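Trainee: this one's structure only:
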């Protein structure tokens, strides 16, 4: 029950607070019923009233971006449509993204009560006029003026630029007002009278007097570099000259020119017989003096990576070592084969950039190939310590040979201090070049058998007695009488 309630439906007619009441009655019997009610307040909020005006109906596709955030009221809503780009909570209309045509820009605002409304405005993005300006022929100094109208479309635009003037014939190009060379430009600007969009086109016009030779800077070289093709000139038809230049060619021979500073000239003669030339200086540098004498020229096969040194000039970042099995200036003998490897030290002069290299060799020697078969490979754990033997170094000069492993002290194995089991013995040999290799063999330590007799009673002569014992740790055993003729063997 309440204002705006029709049966079970609620209709709001204005923004205000509505007080509603809900009734419920339960009929218990024909004489008894129970009822209760619940009060409810409903707040109806206002829908926001919006205004939005872009401020223009047309825009050119190359126009600057249009900030939208201050064009609608209340501010703080969301803009949408082709070409509308959000950026950090702000919205911008970008004509080039929207592309040409008619576009609707929408604005939606939501109040803090979550009530929303939307509004839109329409604009047209116009394309730029298609402007074409044909090439204008070259001029000579003191040449006639040229009427420009026939070189541009659409008709009705404005010409400007160096050498452009306006007289009774309309727009003309006057070479007397221009500059010598190809730096004269003529620009044609046309504005669409309906959309107001503009486009232009520009061409260069040459006024000949003498050729304007351009010869850009040459790089420096290192003696020994390959012959260099000269491409620093912007105009063809000329010729190069100077030390190291073959007559009529564009090739600069570095070795022919030699170490030092050289001047290269480029000369051109145009169709009018005008001559001009330009020159550039280049320096040919000598190569750095590089040497390599590896400090350790013999290394063991499969040894740890070896840091290479001995290259000159030296110093941090000076040069680099390369070669088979070389990486990060380290030689990895583990991947190498026995024999001689060549190491190259390459140095780059930090000032001239010239590179030179030197080589040295490193010898990878084979490791010792010892043989080893332990003298006693099975022993009881109550035996005395014994000297390990059986190792053969198989090298002509032995620096050291040692036995190692659990239970070994000073070359002796003591089974009495070890639990039963298998023990690995390592035989290590170091030769005269300090190259090391090893080989292993196993010793089995066995436990001592345990025998426990039960009670043996006395017997009469010619009687028979069965004797048994509890035996552990043995695979075979034998019963033997101290006096008598009967032996029992098991198994």
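Mentor: Good, I have the coordinates. Owing to the predicted nature of the structure, the values given are computational and were not obtained by experimental measurement. Numbering: from 1, shown residues only.

Trainee: Do a quick rundown of the helices in this structure.
Mentor: Applying DSSP state H to the chain gives helices spanning 95-98, 254-257.

Trainee: do you know how far the closest residue to residue 45 other than its chain neighbours is from residue 172?
Mentor: Once flanking residues are discounted, residue 45 sits nearest to residue 113: 3.9 Å by C-beta to C-beta, 6 or more residues apart in numbering. Just so you know, the C-beta spots here come from the backbone N, C-alpha and C atoms, and that holds for glycine as well. Look at residue 113 and residue 172: by C-beta to C-beta, to the nearest Å, they are 70 Å apart.

Trainee: which of these two has more neighbours?
Mentor: residue 172 (19 against 13; other C-beta atoms under 10 Å).

Trainee: Contacts only, for that one.
Mentor: 145-148, 164-166 (C-beta atoms under 8 Å, 6 or more residues apart in numbering).

Trainee: mind checking pLDDT for it?
Mentor: The model reports residue 172 with a pLDDT of 96.

Trainee: what's the answer for residue 320, then?
Mentor: Residue 320 is assigned a predicted lDDT (pLDDT) of 92.

Trainee: For burial, what's the neighbour tally of it?
Mentor: Residue 320: 16 surrounding residues under other C-beta under 10 Å.

Trainee: which non-adjacent residue is nearest it?
Mentor: residue 346 (5.4 Å).

Trainee: ok, now which ones touch the one you found?
Mentor: Listed by C-beta under 8 Å, 6+ apart, the contact partners of residue 346 are 290, 319-322, 355-357.

Trainee: Just the buried residues of the residues you listed.
Mentor: Buried members of the contacts of residue 346, counted by 16 or more other C-beta atoms under 10 Å: 290, 319-322, 356-357.

Trainee: still on that earlier bit, buried only: go through the contacts of residue 172 for me.
Mentor: 145-146, 148, 164.

Trainee: Can you flag which of those belong to strands?
Mentor: Mapping the buried ones among the contacts of residue 172 onto strands (DSSP state E) picks out 146, 164.

Trainee: Tabulate the buried ones among the contacts of residue 172 (CSV), appending distance to residue 310 and pLDDT.
Mentor: Shown next, in CSV, are the buried ones among the contacts of residue 172 (distance: C-beta to C-beta, whole Å; pLDDT from 0 to 100):
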residue, distance to residue 310, pLDDT
145, 78, 92
146, 75, 94
148, 75, 95
164, 72, 95
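
Trainee: about what we covered before: pipe the helices of the chain into TSV and attach mean pLDDT, mean neighbour count and distance to residue 206 per row.
Mentor: Below are these laid out as TSV (pLDDT from 0 to 100; neighbours: other C-beta atoms under 10 Å; distance: least, C-beta to C-beta, whole Å):
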stretch	mean pLDDT	mean neighbour count	distance to residue 206
helix 95-98	96	16	35
helix 254-257	94	16	35
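
Trainee: wait, which of those helices is closest to residue 340?
Mentor: Distance to residue 340, taken as C-beta to C-beta, is lowest for helix 254-257 among the helices of the chain, at 33.1 Å.

Trainee: thinking again about what came up before, can I get the buried ones among the contacts of residue 172 in CSV including distance to residue 281?
Mentor: As requested, the buried ones among the contacts of residue 172 are arranged in CSV below (distance: C-beta to C-beta, whole Å):
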residue, distance to residue 281
145, 43
146, 42
148, 44
164, 40
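
Trainee: Just name the closest of the buried ones among the contacts of residue 172 to residue 302, please.
Mentor: Nearest to residue 302 among the buried ones among the contacts of residue 172: residue 164, at 82.9 Å, using C-beta to C-beta.

Trainee: Would you quantify the distance from that closest one to residue 254?
Mentor: Taken as C-beta to C-beta, the span from residue 164 to residue 254 is 49 Å.

Trainee: which ones among the buried ones among the contacts of residue 346 are found in strands?
Mentor: Filtering these for strands - DSSP E - leaves 319-322, 356-357.

Trainee: What is the nearest of those to residue 451?
Mentor: Set against residue 451, the nearest of those by C-beta to C-beta is residue 321 (71.4 Å).
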